[in-house]
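# below: sequence and its predicted model.
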Amino acid sequence: MNELKDLPGTGYMYYSNIESRLHELDKRVRIIRSQIGRLSTQVHSHIEQHFKIKGIYHSNAIEGNALSIGETRKVVEQGLTLSGKSLRDQAEAKNLSHALDRMEEIASAKDIPITLKDIRELHKLILTDIQDDFAGNYRDGEVEISGSDYQPPKAYEVSQKMAELGDYVQTVTSAEGDIRELPILTATAVHAWLARIHPFVDGNGRTSRILMNLILIRSGYPICIVTQEERLRYYDALEESQAGNLTPLIELIYEGVVESQEVWEQAAEQQIKDKERRVQIAARLEKPARVRAENEYEVWFNAMELLKSYFKQFVDDVNETTTFESVNLKFKDFGILSSEKYVALREKGTARRTWFFGIEFNSEKRRARYLLYFGYPDYKINQHTSVILILAKDLELNYFYVPMHELTQPNRLDIFQVGFNMKKQEFIASTAGGKWTGTVEEFAYMFFEQVVERDFGA
């Protein structure tokens with residue numbers, strides 16, 4: 001059922017059948033709001049600047065400014081003074097640019113309500129150096145709206161009526177307030193409300209449109225640009241709103257927001273496509289390298305498994321040989337790197353410390369605990385291997401392992417790191433004495449011999 005509904009706190013009404021479209025747009029806005037953060041800084045900045053120049057051009061053109069959109073861009077972006085063009089027109093473009101910058105700042109301070117002071121500050125920026133006596137100040141005389149039968153309030157009524165508008169805006173934009181489920185309704189209401197009061201000698205339309213967009217941006221919506229081509233429809237909608245019916249103006253603002261929304265949606269869609277294309281190109285370029293890395297991983301994996309199995313066998317053999325129950329070794333297997341983590345380490349990417357295996361030595365009441373985990377090779381062996389095992393010791397027996405090369409006590413082992421040289425198919429280690437190469441059997445025997453000698457004095 002299409003019925004006139006009150007917009008609480010405003011004195012305005014609107015036909016309810018527009019709500020379904022506003023709700024649908026609200027869903028679209030929520031989706032794009034979550035995607036905008038993923039747009040590149042360059043794309044985001046380009047779109048915002050596009051809207052800014054377009055908004056300045058059309059908002060001023062509605063009021064009779066003769067600058068083209070290209071001339072507006074030169075004045076605003078390049079700071080040029082154009083010969084043969086009205087200095088006032090150029091000042092209006094620069095001023096509106098400053099006002100829009102301030103609008104963005106106010107909109108971003110979401111925990112601070114928008115006040116009447118903000119509205120007057122925006123108006124002051126619009127008229128500074130053009131009509132300084134009127135900039136930010138209420139009119140003290142009567143005004144008429146060209147082409148309209150509507151008679152704005154008397155000058156002595158302006159202050160009170162603006163206070164009422166200011167109270168409404170501050171309430172709906174406060175932390176406890178509510179810009180409403182459908183912000184376009186609120187944005188339309190404050191636009192019509194300010195235009196109805198017509199509180200300033202000049203600049204009422206531009207200030208109304210900025211206030212409208214301030215509410216939209218504060219709500220996470222894209223802006224609405226009322227274009228010069230829509231000027232007559234816009235005036236007609238404002239005329240209708242003076243009688244209390246916001247519907248035509250809501251329709252106009254809704255269409256403007258939809259148009260801006262589509263620009264953001266197209267940008268997000270294009271960036272997704274561009275990213276997919278880059279991913280495809282990168283994948284094609286990386287394919288040979290990835291195949292080589294996968295083949296390399298298989299060789300490396302087998303070498304690491306050989307090392308681990310030999311150490312485990314060594315532990316088992318020692319345990320079978322000892323006759324005292326209090327003398328034993330414990331082997332703990334923590335798995336191995338996946339191919340993805342191997343590639344991450346190989347390419348010096350980030351990868352969490354991944355444990356490989358640990359060995360605990362027990363001799364009556366004395367214990368020593370060691371761990372081998374994966375990491376990057378040091379300068380001694382980095383030319384020969386890319387992913388290595390770092391040897392670490394649990395000094396306090398509290399499972400906090402310190403890499404061997406960081407230790408300084410006399411019983412530090414000589415072995416710091418061990419890896420596998422793919423080209424020579426041999427194990428290679430970084431030691432206190434430099435670089436060591438040999439078989440897995442030699443490496444294991446060197447490790448066990450040094451632990452027994454330096455931790456147990458045997």
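Arrived safely. Numbering: from 1, shown residues only.
# helices of this structure, residue ranges please.
19-36, 41-62, 69-77, 87-108, 116-127, 155-172, 183-197, 204-218, 231-242, 247-321, 339-346, 440-456 (DSSP state H).
# any chance of the ones you listed in TSV, plus mean pLDDT?
Shown next, in TSV, are the helices of the chain (pLDDT from 0 to 100):
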stretch	mean pLDDT
helix 19-36	88
helix 41-62	91
helix 69-77	96
helix 87-108	96
helix 116-127	97
helix 155-172	96
helix 183-197	96
helix 204-218	96
helix 231-242	95
helix 247-321	91
helix 339-346	87
helix 440-456	93
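# make JSON lines from the ones you listed and add mean neighbour count to it.
Where you see a C-beta, it was placed from the backbone N, CA and C, and this is true even at glycine. As requested, the helices of the chain are exported to JSON lines (neighbours: other Cβ atoms under 10 Å):
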{"stretch": "helix 19-36", "mean neighbour count": "14"}
{"stretch": "helix 41-62", "mean neighbour count": "18"}
{"stretch": "helix 69-77", "mean neighbour count": "18"}
{"stretch": "helix 87-108", "mean neighbour count": "18"}
{"stretch": "helix 116-127", "mean neighbour count": "21"}
{"stretch": "helix 155-172", "mean neighbour count": "16"}
{"stretch": "helix 183-197", "mean neighbour count": "25"}
{"stretch": "helix 204-218", "mean neighbour count": "24"}
{"stretch": "helix 231-242", "mean neighbour count": "17"}
{"stretch": "helix 247-321", "mean neighbour count": "15"}
{"stretch": "helix 339-346", "mean neighbour count": "18"}
{"stretch": "helix 440-456", "mean neighbour count": "16"}
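# for Leu165, which residues are in contact?
Shown in contact with Leu165 (Cβ atoms under 8 Å, 6 or more residues apart in numbering): Leu116, Ile119, Val190, Trp193, Leu194, Ile197.
# so what's Glu294 up against?
Counting by Cβ under 8 Å, 6+ apart, Glu294 has contacts Ser339.
# how far away is Asn60 from Ala368?
81 Å (Cβ to Cβ, to the nearest Å).
# what's the answer for Gly11, then?
84 Å.
# same drill for the two, tell me which one is more crowded.
Regarding Gly11 and Ala368, a neighbour count based on other Cβ atoms under 10 Å identifies Ala368 as having more, with 19 against 14.
# give the residue spans of the stretch 351-458 of the chain that score low on pLDDT.
For the stretch 351-458 of the chain, the stretches with pLDDT under 70 are 351-352, 458.
# swap in 80 and give it another go.
Under the criterion pLDDT under 80, the flagged ranges of the stretch 351-458 of the chain are 351-353, 409-411, 458.
# quick one, strands of it?
Ranges of strands within the stretch 351-458 of the chain are 354-363, 366-375, 388-394, 401-403, 415-421, 426-431, 434-438, based on DSSP state E, counting those that start in this stretch.
# possible to save the ones you listed as JSON lines with distance to Glu269?
Output for those, formatted as JSON lines (distance: least, Cβ to Cβ, whole Å):
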{"stretch": "strand 354-363", "distance to Glu269": "39"}
{"stretch": "strand 366-375", "distance to Glu269": "41"}
{"stretch": "strand 388-394", "distance to Glu269": "45"}
{"stretch": "strand 401-403", "distance to Glu269": "49"}
{"stretch": "strand 415-421", "distance to Glu269": "47"}
{"stretch": "strand 426-431", "distance to Glu269": "51"}
{"stretch": "strand 434-438", "distance to Glu269": "55"}
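# picking that back up, wait, which of the helices of the chain is closest to Asp6?
Closest approach to Asp6 among the helices of the chain (Cβ to Cβ): helix 183-197, 10.9 Å.
# okay, the angle between the closest one and helix 247-321?
Counting by axes from the mean of the first three to the mean of the last three Cα atoms, to 10 degrees, helix 183-197 points 140 degrees away from the direction of helix 247-321.
# from the chain's centre, how far out does helix 183-197 sit?
A distance of 32 Å separates the C-alpha centroid of helix 183-197 from that of its chain, computed with Cα atoms, centre = their mean, to the nearest Å.
# mind giving me the packing neighbours of it?
Here helix 183-197 touches strand 4-7, strand 12-15, helix 19-36, helix 155-172, helix 204-218, helix 231-242, helix 247-321, going by 3 or more Cβ pairs under 8 Å, 6 or more residues apart in numbering; DSSP states H and E.
# report the angle between the last one and helix 440-456.
Orientation check (the same axes, to 10 degrees): helix 247-321 against helix 440-456 gives 80 degrees.
# ok, back up a step: among the strands of the stretch 351-458 of the chain, which is nearest Ala303?
strand 415-421 (4.1 Å).
# what pairs with the closest one, parallel or antiparallel?
strand 388-394 (antiparallel), strand 426-431 (antiparallel) (DSSP bridges).
# export the shortest one as PDB, just CAs?
Going back to what we said before, that points to strand 426-431. Coordinates of each C-alpha in strand 426-431 appear next as PDB, following Å, rounded to 0.1, in the frame of the first residue of the first chain:
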ATOM      1  CA  GLU A 426      75.600 -34.300   0.200                       C
ATOM      2  CA  PHE A 427      74.800 -32.900   3.700                       C
ATOM      3  CA  ILE A 428      76.400 -29.600   4.600                       C
ATOM      4  CA  ALA A 429      76.600 -27.900   8.000                       C
ATOM      5  CA  SER A 430      77.600 -24.600   9.400                       C
ATOM      6  CA  THR A 431      79.900 -25.100  12.400                       C
END
